[in-house]
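K.L.:
return a 3D structure for these sequence lines:
(one chain, ligands or ions: 2)
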Amino acid sequence: MAVYTDVDDEELIGFLAGYDLGALLSCKGIAEGVENSNYYLHTSAGSFILTLYEKRVAEADLPFFLGLMEHLSAKGLGCPQPVRDRAGAALGRLAGRPAAIVTFLDGYSIHHPEPAHCARLGEALAQLHLAGADFPLRRANALSVGGWRPLYAPFSARAGEVAEDLGAIVATELETLERDWPRGLPEGVIHADLFPDNVFFLGDRVSGLIDFYFACVDSLAYDLAICLNAWCFDAAGSYDAEKGAALLEAYARARPLTAAEVEAFPLLARGAALRFLLTRFVDWLNVPPGALVRPKDPREYLARLRFHRTIRSARDYGLGA
Ligand SMILES: Nc1ncnc2c1ncn2[C@@H]1O[C@H](COP(=O)(O)OP(=O)(O)O)[C@@H](O)[C@H]1O
Ligand SMILES: N[C@@H](CCOP(=O)(O)O)C(=O)O
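P.N.:
Ligands and ions are numbered 1, 2, ... in the order given. Sure thing, here's the model as predicted:
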């Protein structure tokens, strides 16, 4: 996370007075992350995370995100549990922003995942998809194919500031993906941002998943394609087939892929790379002055996109062989 909104001590104490969380012991801003303002919160009742929701999170979507975390926790999945205030509300207001407190999860994220971590991730992602199957709320994916052009268009003239050929590649990709985007695949709740920083490990097991603020209902295989992009490339931007196979095989053992999902996978992977390239590109150009945030490099996803453009079939990723 990051910190865009500062919280005044008195306001925080007033906010906490609505909860059964005892006395405030400390509250520190978290530099990691991009989307929201987050704080480590310690009270006499324990450790929590305080989140103030920022620009890309629509207030109307918060019941979906908070309800989903409650649903998944109740099914035994390791994820933060929203803390309800004395009136039973999981969502409040602090420093002029919608705000929530969730439970703190033990574990650490793996910066350089090995194939074994990718396999554990594949299992965890399939478990999330299975556990989300009966979640009753719906939220469309605002950052699916229809959202990419409106996100990019206002900044397209500045594409050359990031890479000489960025503008040409994005124009071609938007055209291709808007025309050929796979439809009718099995759908359900997806995390949509399950990057290594959002998966906690304890030893060699996954201890929890965090950051559900892009979660939505979309093609399940698209979530897998996002994970392939985020976990299975090395620092130089080359695809690691061993990690890819570990992820895909572990996922498919827990939730077998349909023939249509396998066939669609190359386009889904390409779309996932474009989605993160575009959000990173826009964030790169628009760092709010004074914000505690490290914008992520869009060029990492340009490299992935270049790779996906060379792929001819799902077999090239190790699928459907
Ligand atoms: N429930 C939690 N338990 C422990 N640490 C957490 C929890 N939620 C967030 N964090 C910490 O905050 C950081 C940023 O959280 P994240 O949800 O990824 O932010 P953002 O939505 O802004 O990207 C994480 O990398 C992690 O260190
Ligand atoms: N995962 C996205 C950025 C969103 O940040 P997160 O900390 O919420 O994962 C990216 O890497 O572009």
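K.L.:
any idea of the pLDDT on Ala235?
P.N.:
Per-residue pLDDT puts Ala235 at 79.
K.L.:
give me the number of neighbouring residues for it.
P.N.:
7 (other Cβ atoms under 10 Å). C-beta coordinates here come from the backbone N, C-alpha and C atoms, glycine included.
K.L.:
mind listing what it touches?
P.N.:
By Cβ atoms under 8 Å, 6 or more residues apart in numbering, the residues touching Ala235 are His112.
K.L.:
mind doing that once more with 10 Å?
P.N.:
112, 300 (Cβ atoms under 10 Å, 6 or more residues apart in numbering).
K.L.:
now Ala58
P.N.:
64, 98, 139, 142.
K.L.:
how much space separates it from Phe65?
P.N.:
Distance, Ala58 to Phe65, by Cβ to Cβ, to the nearest Å: 10 Å.
K.L.:
mutual contacts of the two, please.
P.N.:
With contacts taken as Cβ under 10 Å, 6+ apart, Ala58 and Phe65 have Arg139 as neighbours in common.
K.L.:
which residues in the stretch 51-200 of the chain form strands?
P.N.:
Along the stretch 51-200 of the chain, counting by DSSP state E, counting those that start in this stretch, strands occupy 92-94, 97-103, 187-190, 199-202.
K.L.:
could you list the residues in contact with the shortest one?
P.N.:
Taking contacts as Cβ under 10 Å, 6+ apart, the residues outside strand 92-94 that touch it are 5, 7-8, 11-12, 14-16, 18-19, 37, 39, 50-52, 59, 84-85, 98-101.
K.L.:
tell me how far the closest residue to Ile311 other than its chain neighbours lies from Asp297.
P.N.:
The shortest distance from Ile311 to any non-neighbouring residue, by Cβ to Cβ, 6 or more residues apart in numbering, is to Pro266 (4.6 Å). As judged by Cβ to Cβ, Pro266 and Asp297 stand 24 Å apart.
K.L.:
OK, contacts around the residue nearest to Gly167 when sequence neighbours are not counted?
P.N.:
Using Cβ to Cβ, 6+ apart and skipping residues adjacent in sequence, the residue nearest Gly167 is Ala159, 3.6 Å away. Ala159 makes contact with 152, 165-171, 281, 285, 298 under the criterion Cβ under 10 Å, 6+ apart.
K.L.:
quick check: Leu52 touching Ser37?
P.N.:
Yes - judged on Cβ atoms under 10 Å, Leu52 makes contact with Ser37 at a distance of 4.1 Å.
K.L.:
please identify the residue of the stretch 201-321 of the chain positioned nearest to ligand 1.
P.N.:
Going by Cβ to the nearest ligand atom, ligand 1 is nearest to Asp211 of the stretch 201-321 of the chain, at 3.2 Å.
K.L.:
which residues touch that residue?
P.N.:
1, 33-36, 38, 51, 65, 79-80, 191-195, 197-199.
K.L.:
follow-up on the earlier one: who has more neighbours, Pro266 and Asp297?
P.N.:
Pro266 (22 against 13).
K.L.:
ok, then the element right after the helix or strand that the more buried one is a member of?
P.N.:
Per DSSP states H and E, Pro266 falls inside helix 259-285. Moving toward the C-terminus from helix 259-285, the next helix or strand (DSSP H and E) is helix 298-308.
K.L.:
show me what that next one is packed up against.
P.N.:
The contact analysis (3 or more Cβ pairs under 10 Å, 6 or more residues apart in numbering; DSSP states H and E) places helix 298-308 against helix 166-180, helix 220-231, helix 259-285.
K.L.:
how about the residue positioned nearest the centre of the chain, nearest residue that isn't a chain neighbour?
P.N.:
Residue closest to the mean C-alpha point of the chain, counted by Cα atoms, centre = their mean, is Asp193 at 1.7 Å. Using Cβ to Cβ, 6+ apart and skipping residues adjacent in sequence, the residue nearest Asp193 is Phe214, 4.2 Å away.
K.L.:
ok, Tyr53 next?
P.N.:
Leaving out its chain neighbours, the residue that sits closest to Tyr53 by Cβ to Cβ, 6+ apart is Pro98, at 4.6 Å.
K.L.:
give the contact list for the one you found.
P.N.:
By Cβ under 10 Å, 6+ apart, the contact set of Pro98 is 36, 51-54, 57-59, 62, 91-92.
K.L.:
pLDDT value on Leu292, please?
P.N.:
63.
K.L.:
do the same with Val34
P.N.:
68.
K.L.:
what do you get for Thr5?
P.N.:
Listed pLDDT for Thr5 reads 79.
K.L.:
specify the local secondary structure of it.
P.N.:
Following DSSP: H, G, I helix; E, B strand; the rest coil, Thr5 is assigned to coil.
K.L.:
I figured it hits Leu12, correct?
P.N.:
No - Thr5 is beyond contact range of Leu12, at 11.7 Å (criterion: Cβ under 10 Å).
K.L.:
what residues are shared contacts of the two?
P.N.:
Common contacts of Thr5 and Leu12 (Cβ under 10 Å, 6+ apart): 39, 94-95, 99.
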